[in-house]
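K.L.:
my questions concern the predicted model and sequence given below.
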Amino acid sequence: MKPNKELEKEIEKKFLTPSKFAIEIEKIVIEENLNYIDSIIHYCEINEFDVESITKLISKPLKEKLKWDAIRLNFMKRTSNAKLPI
């Protein structure tokens, strides 16, 4: 393995990436039986993150799941093309 690849893997281990964040949120959804919105809030509380600071970690698939939750919980209209402020 090239030294650069090793360095990249070490950096990735130490820093949160959108894919790692999505995996952590999926775990919370399953283990805690929470919806995606509450799972993100729960994750931020546990790890002492400001909810507004994690917007760059939300991947497109996770954003779609958040949108589905928002529609299901009547935070957004079903026919709305509105975007979540994320």
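P.N.:
Yep, that arrived. Residues are numbered from 1 along each chain as shown.

K.L.:
what about the longest helix in this structure?
P.N.:
helix 18-32 (DSSP state H).

K.L.:
would you list every one of the helices in this protein?
P.N.:
3-14, 18-32, 36-46, 60-72.

K.L.:
from the chain's centroid, how far away is the third one?
P.N.:
Chain-centre distance of helix 36-46: 9 Å, with Cα atoms, centre = their mean, to the nearest Å.

K.L.:
try the last one
P.N.:
Here the centre of helix 60-72 is set off from its chain's centre by 10 Å, with Cα atoms, centre = their mean.

K.L.:
list the contacts of that helix.
P.N.:
18, 21-22, 25, 35-37, 40, 58, 75-78, 80, 84, 86 (Cβ atoms under 8 Å, 6 or more residues apart in numbering). Just so you know, the C-beta spots here come from the backbone N, C-alpha and C atoms, and that holds for glycine as well.

K.L.:
name only those of those residues that count as buried.
P.N.:
Buried members of the contacts of helix 60-72, scored by 16 or more other Cβ atoms under 10 Å, are 21-22, 25, 35-37, 40, 58, 76.

K.L.:
using pLDDT, spot the least trustworthy of these.
P.N.:
Minimum pLDDT across those is recorded for Met76, with 79.

K.L.:
what's the closest non-adjacent residue to that one?
P.N.:
Leaving out its chain neighbours, the residue that sits closest to Met76 by Cβ to Cβ, 6 or more residues apart in numbering is Ala70, at 4.4 Å.

K.L.:
any idea how far stretch 35-53 is from the chain center?
P.N.:
8 Å.

K.L.:
quick one: end-to-end distance for that stretch.
P.N.:
20 Å (Cα to Cα, to the nearest Å).

K.L.:
check which residues of it are buried.
P.N.:
So for stretch 35-53, counting by 16+ other Cβ under 10 Å, buried means 35-37, 39-40, 43.

K.L.:
was I right about Ile28 contacting Tyr43?
P.N.:
Yes: contact criterion Cβ atoms under 8 Å: Ile28 and Tyr43 qualify, at 5.9 Å.
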